[in-house]
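>>> Using only what follows, build the 3D model:
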Amino acid sequence: RRAVGEQPSEPYENAVQRDYLEQHGAGTTAEHIDLLAENLAEYRALVHRTQKAGLPALIARLLAERGTSSVLAPAGLPEEWLAAVAAPLVADGPDSTPHELDEVSAVVTGCALAIAETGTIVLDGSPDQGRRRITLIPDHHICVVRVPEQVVASVPQALPRLDPRKPLTWISGPSATSDIELDRVEGVHGPRTLQVILVE
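Numbering: from 1, shown residues only. Next comes the predicted model:
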């Protein structure tokens, strides 16, 4: 503030215009959900759909198929989601070290919302999502998206629903990077495997 000096009390004449489109095309809720699933898959996330009653069995099956030895669960995750899981559950403690988290096979979380046009999952550190590091260190992340209420069409629709004071994490597919020859390597900066469950 000191660097720019005194500012006029009246709004700038050239204020930023924000009359841009909030989404591309109309689209129904079902179409937005289909687009989300399509874009998530394009980013190499594994997408599953289920009804609420089938969610515990699906989570248990996905973990069992990978031979999961332990599952990290945020404190606010609904208990029924993991009711059928056979692997030991690990609580997210404030004293958990990166080395301890690295020994956890998988983490299961909810999300703040999902953006159809970009295939993005947004986490905000709410109780069903836990701290950012628990979704970055374990190699396998299962994220549950409640549809349709947590699905928006576009980024402009997402931003008003997010609290900028929270630690927002935007995820578009599994962690991946490429070298100068465009050889893709997954799991460098986060989970190698991202599975997204769209639950009605």
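>>> Could I get the buried residue list for stretch 48-67?
Of the residues in stretch 48-67, those scored as buried under the neighbour-count criterion (16 or more other Cβ atoms under 10 Å) are 48, 50, 55-56, 58-60, 62-63, 66. Bear in mind the C-beta positions are built from the backbone N, C-alpha and C, glycine included.
>>> And that stretch, how far out from the chain middle?
17 Å (Cα atoms, centre = their mean, to the nearest Å).
>>> Any idea how far apart the tips of that stretch sit?
Using Cα to Cα, to the nearest Å, the gap from the first to the last residue of stretch 48-67 comes to 19 Å.
>>> Which residues does that stretch contact?
For stretch 48-67, the external contacting residues (Cβ atoms under 8 Å, 6 or more residues apart in numbering) are 37, 71, 80-87, 105-106, 108, 140, 142, 144, 193, 195-200.
>>> thinking again about what came up before, dump the buried residues of stretch 48-67 into CSV; add secondary structure as well.
Formatted as CSV, the entries for the buried residues of stretch 48-67 read as follows, by DSSP: H, G, I helix; E, B strand; the rest coil:
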residue, secondary structure
His48, strand
Thr50, strand
Leu55, helix
Pro56, helix
Leu58, helix
Ile59, helix
Ala60, helix
Leu62, helix
Leu63, helix
Arg66, coil
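>>> of all those residues, which comes closest to Leu123?
When these are compared for distance to Leu123 (Cβ to Cβ), Ile59 comes out closest, at 17.4 Å.
>>> what's near enough to touch Ala73?
With contacts defined as Cβ under 8 Å, 6+ apart, Ala73 is in contact with 82, 89-92, 107-108.
>>> Ignore what I typed, I meant His32.
In this structure, His32 makes contact with 116, 148, 151-153, judged by Cβ under 8 Å, 6+ apart.
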